[in-house]
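Chemist: sequence? don't have it. structure:
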Ligand code: OXD
């Protein structure tokens, strides 16, 4: 009977995951990338950016768990074994961190904190023009778990908040749009645009010159989804022309961000190293444990991923 759990990630050693899973499931034959042992014994894979083709070499794998809420890192492997269910973590801790990230940069921009910091450095007592919260419109691209939480928190602070998703959604207190026409409408009213879309064939490169031109002049961008959504040259051009007033970027087309990239030194860009939300085994493990139990008992899984839609 295959019952080993393989932890496939180069980012962390998996010790906290092993502890969290063992606390609920008892002792586990826990394998890591450097210690995969007999691959026929692997039943469950926990994966973050797995090497292409590796999971397909586990002949008895029954469940693939994405260690990120985003699954593009996993679906990039075009050799994933067919018919093996894929689930993703659902982590309230990570969701809360992501909305905090968006709120932090939005409020910092909204309240002109960087301008006041510059005035302080120049010892200048200078009052900036004030934009009322009711007139600072927020647009959220993507209304999954993270987008909804973020939207709700902006709305609770009194910002007029709109959201856009591929399919129709309705959320109390949030103006919702969907489809291509809906995208144009949400962009036209986004003084601060927050991107939390999944990265799929349809959303790759969506944040391009056309999209930036559709935003109001002076709009601010917060990208905490994936770098692949953004056409970097288009964003830099929109910042340089003054059409966009700034951008807080947590994710990049290439990570780590290459040393020579203009984002590092651009005066209107804030760079963080893909830290908007960190997966924490303490908050993410309950759903994974439930899925391991479900797959062993032949019961339906939760937090399933549809590889066709890409999320
Ligand atoms: C995720 C991430 O997908 O951390 O969860 O990027």
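Modeler: Done, it's in. Just so it is clear, the structure is predicted and the values come from calculations on it, not from any experiment.

Chemist: Contact partners for the nearest residue to residue 60 once chain neighbours are set aside?
Modeler: Distances taken as CB to CB, 6 or more residues apart in numbering place residue 2 nearest to residue 60, at 4.0 Å, with adjacent residues excluded. Using the backbone N, CA and C atoms, a C-beta is placed for each residue, glycine as well. Applying CB atoms under 8 Å, 6 or more residues apart in numbering, we find residue 2 in contact with 40, 41, 42, 43, 60, 61, 62.

Chemist: what about 7 Å?
Modeler: 40, 41, 42, 43, 60 (CB atoms under 7 Å, 6 or more residues apart in numbering).

Chemist: did I read that right, the first one in a helix?
Modeler: Yes - note on residue 40: a helix contains this position according to DSSP: H, G, I helix; E, B strand; the rest coil.

Chemist: my read: it touches residue 61, true?
Modeler: No - the pair residue 40 / residue 61 is not scored as a contact, 9.8 Å apart, by CB atoms under 7 Å.

Chemist: okay, the two: which has more neighbours?
Modeler: residue 61 (21 against 11; other CB atoms under 10 Å).

Chemist: Kindly confirm my reading that the more buried one is in a helix.
Modeler: No - read with three-state DSSP, residue 61 is coil and lies in no helix.

Chemist: quick one on the thing from earlier: separation between the residue nearest to residue 60 and residue 128?
Modeler: Separation of residue 2 from residue 128 (CB to CB, to the nearest Å): 62 Å.

Chemist: Hmm, residue 59 is touching residue 40, no?
Modeler: Yes - with contact defined as CB under 7 Å, residue 59 counts as touching residue 40 (5.5 Å).

Chemist: Now the closest residue to residue 52 other than its chain neighbours: which helix or strand?
Modeler: Closest residue to residue 52 apart from its sequence neighbours, by CB to CB, 6+ apart: residue 77 at 4.6 Å. Residue 77 belongs to no helix or strand when assigned by DSSP states H and E.

Chemist: Quick check: phi and psi on residue 77?
Modeler: Main-chain torsions, residue 77, degrees, to the nearest 10: phi -80, psi 100.

Chemist: ok, now which ones touch it?
Modeler: 50, 52, 53, 55.

Chemist: mind listing the strands for the chain?
Modeler: 4-8, 30-32, 42-47, 63-66, 86-88, 138-141, 161-165, 175-178, 192-195, 219-223, 244-249, 269-271 (DSSP state E).

Chemist: Dump the ones you listed into JSON lines; add mean pLDDT, mean neighbour count and distance to residue 286 as well.
Modeler: Output for the strands of the chain, formatted as JSON lines (pLDDT from 0 to 100; neighbours: other CB atoms under 10 Å; distance: least, CB to CB, whole Å):
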{"stretch": "strand 4-8", "mean pLDDT": "98", "mean neighbour count": "24", "distance to residue 286": "16"}
{"stretch": "strand 30-32", "mean pLDDT": "98", "mean neighbour count": "19", "distance to residue 286": "18"}
{"stretch": "strand 42-47", "mean pLDDT": "98", "mean neighbour count": "24", "distance to residue 286": "14"}
{"stretch": "strand 63-66", "mean pLDDT": "98", "mean neighbour count": "24", "distance to residue 286": "13"}
{"stretch": "strand 86-88", "mean pLDDT": "98", "mean neighbour count": "22", "distance to residue 286": "13"}
{"stretch": "strand 138-141", "mean pLDDT": "98", "mean neighbour count": "28", "distance to residue 286": "27"}
{"stretch": "strand 161-165", "mean pLDDT": "98", "mean neighbour count": "25", "distance to residue 286": "26"}
{"stretch": "strand 175-178", "mean pLDDT": "98", "mean neighbour count": "18", "distance to residue 286": "29"}
{"stretch": "strand 192-195", "mean pLDDT": "99", "mean neighbour count": "27", "distance to residue 286": "27"}
{"stretch": "strand 219-223", "mean pLDDT": "98", "mean neighbour count": "25", "distance to residue 286": "29"}
{"stretch": "strand 244-249", "mean pLDDT": "98", "mean neighbour count": "22", "distance to residue 286": "31"}
{"stretch": "strand 269-271", "mean pLDDT": "98", "mean neighbour count": "17", "distance to residue 286": "33"}
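
Chemist: Thank you, goodbye.
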